[in-house]
Each structure stands twice: as C-alpha cells, then as structure tokens.
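[1] 3D model of this:
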Amino acid sequence: MEEIYANGSFSNISVVNGRGSSSSKKWLIVALISLGILSVGLLIGLIRLGVHAHAVSSSAAGLSDTKDNLTDRLQSSNDQFSAMTKERDQLNRIKVNLTDSLQSSKDQLSALTKEKNSLNAKLTELSNEVTRLQSLSNKICPAGWRMFRCSCYFLSTTSGSWNKAREDCRNRGGDLVVINDDDEQKFVVALTERSAWIGLRKETEGSWKWVDGTALSSGLKKFWGEGQPDNSGGKEDCVQIWGNSKTWNDDKCDANIQWICEKAPM
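    Numbers count the residues shown, from 1 in each chain. You can find the predicted model right below:
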C-alpha cells in the first residue's frame, strides 16, 4: 500500500516536472525568436546606417569636389580680374601719355603758328621796307638835312615855342620828329647837345600822342627822364629832348628852345 502510494507520488511529481519543462521550452523558444527578430532588426538598422553613411560620404565627397571646383573657378576669376586690372591700368597710362603727347603737339602747333604769323608779319614789314627803299633809292635829303634810314632830319638853328617849331617843320615839307624805336632815339639825341622839341604832346592827362596821330607806345616810355613827366608848375604839355641827359622831359609849350624836323627824302 505504501509502495503504491509511493509510486503514485512519484508519478505526480514526474507529471508536474514534465509540464514545467514544457513551459520553459516555450519561453526559451519565444526568447530565441525575439532575439532573432531583434538581431534581424539590428542587422537591418546597421545595413541602413551603412547605406546612409555611404550616401553621406558620397555626398560629402561630391560637396568637396564642388567646393574644389568653385575654388578653382574663383581663383580663375580672380586671376582674370587681376589681368584685366593690369590691362586697364596699362590702357590708362597709354591714355595719359597720348593725352600729354596730344597737348604737347597742340602747344607746339600753337607756338609754330605764332612763329609763322610773326615771321609773316616781319616778311611783310621787310617787303614794305624794301619797296620803300627801292622807291627812295634815287632820292636824297636837302642841304642841311641828315639822312637816317629812309628819313631826313633837320636841327633848327633858331629857337622858339613848340607851335612855332611845328609850323617851321611843316613849312619845310615835314613835321616835328616822331621817334619809333631805340635806334632812332640814339640818332636823334646825337643831333644836338641842347634841349630840342620833338613831335610828342599831351592829349589828356596821362595820355601822349605823336604829331602823326599815333599814341605813345609803352615800349618808348623808358626814354622819359627820371621822375618825368612831372607836369612841374602845371601845363607842361609838350615834350623836349633834355640836352643834359638825352632823355625826354615835359615842358611848357611856350618854352624857347630848338627843334628837330623829320621828312621823307626828295
């Protein structure tokens, strides 16, 4: 009886153990399946990560190539810009040189034109002088007159006022002397050691005119004596050659001195 009980108890234990073992296997299988699924998921994730990493790497490589390409193009543009800048500067220098050359040519042309006009004027003057000399080649000055260039000059032997002097010169076929330049001034002052009237008279205060109607030029004003004309005492309207200094002096027109006449040869 005890044996039977004992056997019965063992059988129950075996059944329980058998049921427990079956349940454990199921959980193990479930666990293994879960691990397998998890592994597959991880594998898929790793594959996707690898693909993404490869894509990122490829994209990065592409961007690097693009960057290098853009850098090369930028450098090329900079080189072209630098070359264009140098060319522009060179063209500007050429322009400045051409402008300077053009201005220099214009200045030279202007100077040559002025020189040409001056030479033409001198040529005309010389031609007129030659013509005048040819017309006077057979003419001489009357007795008592002295020739200088193409004019005859006469120093009076008497004295009188400026108006009397001019009247006498006109009666002789001429007029009081008109001085035109340095050479004529030297010749005229050498004619006398005394003061003598010349054909210059005040027209208005500060304005002087020759008997031929021409105004006193600025180039002849150097022949005034020191401090002259001074209109000393007032009404000094006529001009004389000062005998002591060989310069010009304004004096009262009724002063009693000699005079110098000028006329063309006969």
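[2] residue contacts, residue 169?
    Neighbour list for residue 169: 154, 175, 176, 259, 261, 262, 263 [criterion: C-beta atoms under 8 Å, 6 or more residues apart in numbering]. In short, each C-beta sits where N, CA and C put it, glycine included.
[3] can we see that at 6 Å?
    175, 176, 261 (C-beta atoms under 6 Å, 6 or more residues apart in numbering).
[4] Can you verify my assumption that the first one contacts residue 210?
    I take that to be residue 175. No. Under the criterion of C-beta atoms under 6 Å, residue 175 is not in contact with residue 210, lying 9.2 Å apart.
[5] Which residues are in contact with each of the two?
    residue 199.
[6] Pick out whichever of the two has more residues nearby.
    residue 210 (21 against 17; other C-beta atoms under 10 Å).
[7] any idea how far the more buried one lies from residue 243?
    21 Å (C-beta to C-beta, to the nearest Å).
[8] circling back to that earlier point, which members of the contacts of residue 169 occur in strands, if any?
    Taking DSSP state E as the definition of strands, these contribute 175, 176, 261.
[9] quick one: the helices in the chain?
    With helices called from DSSP state H, the chain shows them at 2-136, 162-171, 182-189.
[10] chain center to the first one: distance?
    Averaging C-alpha positions (C-alpha atoms, centre = their mean, to the nearest Å) puts helix 2-136 47 Å from its chain's average.
[11] try the second one
    Per C-alpha atoms, centre = their mean, the displacement of helix 162-171 from the mean C-alpha position of its chain is 59 Å.
[12] Now do the buried residues in that helix.
    Residues 162, 164, 165, 166, 168, 169 are the ones in helix 162-171 that count as buried (16 or more other C-beta atoms under 10 Å).
[13] Which residue, neighbours along the chain excluded, lies closest to residue 166?
    residue 176 (5.2 Å; C-beta to C-beta, 6 or more residues apart in numbering).
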